[in-house]
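In: show me the folded form of this:
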Amino acid sequence: MPFINIPSSSSASWKDAVADPASLPASGNEVGDARVTESTSEIYVWDGSAWQSTGGGASAITALTNDVTATGPGSAAATVAFVGGETAADVATSVQDTQAATDLSTVSTIVKRDASGETSLDGLNLDGSVSGAINIKAADTTTNYTIKMPNAQGGATTYLENDGSGNLSWGTVSAGMTNPMTTQGDLITGGAAGAPQRLGLGTEEYVLAAGATDPYWTIEGVKTGYPTDTVIVGRTKPVGLTGVSNTIIGAGAGNAIGSGIVNTFVGRGAGSSTTQTRNTAVGYNAMTSNVDSSTCVGFQANTTGSNAVAIGSHQTSAAGNGIAIGRDAIAGSSCVTLGRSSSSQGLSNVFTLGSVTAQINTLYLGRGGASQTVANAVKIQTMRSSGTDTDMSVGTLTIAGAQGTGTGAGGDVIIATAPPDVASGSTLNAHSEVMRITDDGNVGIQTSTPNDPLTVQGAINYTDGSSDYKISPAHHDEGTETGNFTINWSNAPVHTVTLNGTTNAVVTMNNPLQGGAYVLRIIQGATPGTIDFTAGSFANAVWPGGTAPTLSGSTGDVDIINLLYIDDGGGTVTYYGTFATDFS
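Out: Numbering: from 1, shown residues only. Just a heads-up that it's a prediction; the model follows:
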């Protein structure tokens with residue numbers, strides 16, 4: 001049994017053993033009384049209020065084994081000296097360190113370090129004193145390098161900077177440049193020795209250009225040292241250029257312009273030989289002659305005289321005051337030439353696209369507008385084919401429909417008149433067709449479908465210089481007459497009239513033609529009537545045997561009167577008449 005220290009007491013003593021802890025007496029005990037429980041082999045000591053176990057018996061420590069040692073006299077409490085070769089004090093310190101967490105986010109204060117005193121971590125959390133944290137980590141994949149912090153705290157507004165070898169130091173923010181700008185829209189540019197300088201806002205639509213030393217505002221294409229209002233794009237200033245108001249765009253353009261003014265050259269080599277003024281050349285090598293006030297548009301388009309226009313390609317040219325339009329077109333002086341490979345013969349071989357199937361659809365000639373007069377009308381005339389201006393042979397004027405090379409339908413030639421203006425506005429009034437020549441040679445007047453070499457819709461009027469003559473198969477119905485009436489032979493050479501209750505009606509016949517043959521058909525109405533053949537226009541009529549007609553007297557009867565008008569002069573107007581009655 002282990003040694004047990006029992007507190008001293010005048011009455012304390014060993015007492016009789018009891019069967020088990022529950023049998024320990026609750027009263028009559030003095031401090032220091034000791035009893036043994038037989039069932040547990042424990043020793044209990046009364047402390048004045050309760051029995052306290054001393055740990056004896058089967059559960060008491062009986063020996064110190066392995067690497068745990070203890071010291072102390074038999075009469076004193078044992079003290080642990082070493083655990084695993086470490087002193088009990090070191091073990092206690094280690095336990096305290098491992099449990100010295102400052103908050104719940106820290107598991108342990110123990111970290112691993114190598115022989116150099118360095119610690120390896122995947123990351124480092126820096127907790128805010130109130131909330132939040134900063135986590136510092138290396139890149140997922142990184143090279144090995146070392147960063148050393150400065151040896152002292154930096155000042156206010158300083159920042160950390162790296163010397164390239166990982167040594168950090170405190171840097172100071174530069175005070176910066178002095179702001180030279182004074183007005184909204186100013187720009188800052190580098191001046192002498194890199195010092196900042198102000199460039200004021202430029203004029204609207206000006207562009208920024210680079211000068212020899214400083215940038216400046218200018219009109220696009222206009223540069224310092226150029227003549228006034230001169231624009232050059234895509235090349236340097238031509239040598240010797242002094243003329244003003246020129247526009248030159250393209251390599252080699254305006255090479256020889258010199259003192260020429262108000263020229264426009266666009267395209268490589270455009271106007272390369274011109275030294276004159278008021279010229280326009282657009283296209284590769286356009287205008288290679290030294291001319292004035294001319295216009296050339298197209299590849300190698302050229303004018304050989306002043307005040308000329310050449311539009312086209314491949315040596316299209318026009319002499320003075322001439323106009324040449326088309327590939328290889330050539331216009332003589334004061335001539336107009338349209339089309340490819342045409343000559344100086346005025347308007348010839350005109351095609352809109354240069355092919356047989358692409359001819360001009362509509363050609364407008366003449367002066368338009370409110371000033372149009374008869375003197376401004378269009379005149380189409382052939383030119384002389386030989387001879388002189390006073391004694392010449394003329395060419396043939398041909399008006400034809402379209403030509404073709406295949407088997408398609410032919411084309412007609414139509415002559416149409418312009419209608420009078422019926423209303424103001426932007427829509428043209430439609431033309432009125434008056435004559436057509438079909439592709440098979442038939443001619444139609446007032447009809448678009450002639451069936452014969454000449455087909456006329458309406459009357460034909462002809463004259464011998466003093467009298468007019470009309471040929472017309474037309475018929476005119478006068479309707480029903482109940483009294484005197486008038487016949488107008490201009491309406492038709494054949495007239496029909498129905499008489500209803502007339503008694504000796506007087507008939508006036510107007511506008512007869514010399515030699516005209518006329519027919520008057522008379523129908524009796526519900527109440528048959530009569531005509532006075534001795535009055536009106538019939539007063540000068542003559543009849544076979546001197547007997548005037550007597551009209552039929554029954555409803556529905558038809559009488560025919562044939563009249564031949566002959567004016568014998570001297571104021572005598574005579575109708576020669578024949579008649580047939582009772583066509584019933």
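In: point out where the stretch 301-450 of the chain drops to low pLDDT.
Out: The model of the stretch 301-450 of the chain has pLDDT under 70 over residues 339-395, 401-406, 419-428.
In: residues contacting Gly234?
Out: Residues in contact with Gly234 (Cβ atoms under 8 Å, 6 or more residues apart in numbering) are Ile249, Gly250, Ala251, Ala253. For every residue, glycine as well, the C-beta is placed using N, CA and C.
In: show me those that map onto strands.
Out: Using DSSP state E, Ile249 are the members of these that sit in strands.
In: distance check, Ala416 against Ala459.
Out: 21 Å (Cβ to Cβ, to the nearest Å).
In: now do Glu118
Out: From Glu118 to Ala459 the distance is 128 Å (Cβ to Cβ).
In: what's the answer for Gly546, then?
Out: 33 Å.
In: with neighbour numbers in mind, choose between those two.
Out: Neighbours per residue (other Cβ atoms under 10 Å) separate Gly546 from Ala459, with Ala459 holding more: 14 against 6.
In: right, and that one touches Ala474 too?
Out: Yes: if you go by Cβ atoms under 8 Å, Ala459 and Ala474 touch, sitting 6.2 Å apart.
In: joint contacts of the two?
Out: Common contacts of Ala459 and Ala474 (Cβ under 8 Å, 6+ apart): Ala492.
In: just to revisit the earlier point, now the contacts of Gly234 in CSV, with distance to Glu204?
Out: Shown next, in CSV, are those (distance: Cβ to Cβ, whole Å):
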residue, distance to Glu204
Ile249, 23
Gly250, 27
Ala251, 30
Ala253, 28
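In: which of the contacts of Gly234 count as buried?
Out: If you count burial by 16 or more other Cβ atoms under 10 Å, the buried members of those come out as Ile249, Gly250, Ala253.
In: how distant is stretch 575-584 from the center of its chain?
Out: Offset of stretch 575-584 from its chain centre (Cα atoms, centre = their mean, to the nearest Å): 82 Å.
In: so who does the spatially most central residue of the chain touch?
Out: By Cα atoms, centre = their mean, the chain has its centre lying nearest to Glu205, at 22.6 Å. Each residue near Glu205 by Cβ under 8 Å, 6+ apart is listed here: Ile219.
In: buried stuff in the longest strand that the chain contains?
Out: In the chain, taking DSSP E as the definition, the longest strand is strand 558-569. Using 16+ other Cβ under 10 Å as the test for burial, strand 558-569 gives Val558, Asp559, Ile561, Leu563, Tyr565.
In: could I get these as TSV with pLDDT and distance to Gly326?
Out: Compiled in TSV, the buried residues of strand 558-569 are given as follows (pLDDT from 0 to 100; distance: Cβ to Cβ, whole Å):
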residue	pLDDT	distance to Gly326
Val558	96	71
Asp559	96	73
Ile561	96	69
Leu563	95	65
Tyr565	91	61
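In: chain center to the helix or strand following the longest strand of the chain, what's the gap?
Out: Scanning forward in sequence from strand 558-569 by DSSP states H and E, the next helix or strand is strand 572-580. Relative to the chain's own centre, strand 572-580 is displaced by 82 Å; criterion: Cα atoms, centre = their mean.
In: which other helices and strands contact strand 572-580?
Out: In terms of contacts (3 or more Cβ pairs under 8 Å, 6 or more residues apart in numbering; DSSP states H and E), strand 572-580 is packed against strand 541-542, strand 558-569.
In: now do that strand against strand 558-569, angle only.
Out: With axes from the mean of the first three to the mean of the last three Cα atoms, to 10 degrees defining the directions, strand 572-580 sits at 160 degrees from strand 558-569.
In: tell me the buried residues in strand 572-580?
Out: Quick answer for strand 572-580 (16+ other Cβ under 10 Å): Tyr575, Gly577, Phe579.
In: Gly525: what's it in contact with?
Out: By Cβ under 8 Å, 6+ apart, the neighbours of Gly525 are Thr480, Thr498, Leu499, Asn500, Gly501, Thr555.
In: go with 10 Å
Out: By Cβ atoms under 10 Å, 6 or more residues apart in numbering, Gly525 lies in contact with Thr480, Glu481, Thr482, Val497, Thr498, Leu499, Asn500, Gly501, Thr502, Thr555, Gly556.
In: list buried residues within these.
Out: The neighbour count (16+ other Cβ under 10 Å) marks Thr480, Glu481, Val497, Thr498, Leu499, Asn500, Thr502 as buried among these.
In: can you tell me which of those comes closest to Phe265?
Out: Relative to Phe265, the closest of the buried ones among the contacts of Gly525 is Val497; by Cβ to Cβ it sits at 83.0 Å.
In: who does the closest one form a beta bridge with?
Out: In this entry, Val497 is beta-bridged to Gly479, Ile522, by DSSP bridges.
In: thought it was touching Met509?
Out: No: taking contacts as Cβ atoms under 10 Å, Val497 lies outside contact range of Met509: 11.4 Å.
In: if I look at the two, which residues touch both of them?
Out: With Cβ under 10 Å, 6+ apart, Val497 and Met509 have common neighbours Ile487, Leu520.
In: how about the contacts of Gly525 in CSV, adding distance to Gly85 and pLDDT?
Out: Output for the contacts of Gly525, formatted as CSV (distance: Cβ to Cβ, whole Å; pLDDT from 0 to 100):
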residue, distance to Gly85, pLDDT
Thr480, 157, 95
Glu481, 161, 95
Thr482, 162, 95
Val497, 160, 96
Thr498, 159, 96
Leu499, 165, 96
Asn500, 162, 95
Gly501, 166, 93
Thr502, 166, 93
Thr555, 165, 94
Gly556, 163, 93
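In: and those residues, which two are furthest apart?
Out: Maximum pairwise distance among the contacts of Gly525 (Cβ to Cβ): 17.4 Å, between Thr482 and Gly556.
In: any idea how far the residue lying closest to Gly322 once chain neighbours are set aside is from Ala133?
Out: Take Gly322 and drop its neighbours on the chain: the residue closest to it by Cβ to Cβ, 6 or more residues apart in numbering is Ala331, 3.7 Å away. Shown here: Ala331 relative to Ala133, a distance of 91 Å by Cβ to Cβ.
In: please identify which of these two sits among more neighbours.
Out: Ala331 (31 against 9).
In: tell me where the stretch 351-500 of the chain has strands.
Out: For the stretch 351-500 of the chain, the strands defined by DSSP state E, counting those that start in this stretch cover 384-387, 392-394, 413-417, 432-437, 443-445, 454-456, 460-463, 468-471, 475-481, 485-488, 494-499.
In: for the ones you listed, which one sits closest to Gln276?
Out: strand 384-387 (34.5 Å).
In: done for today, thanks.
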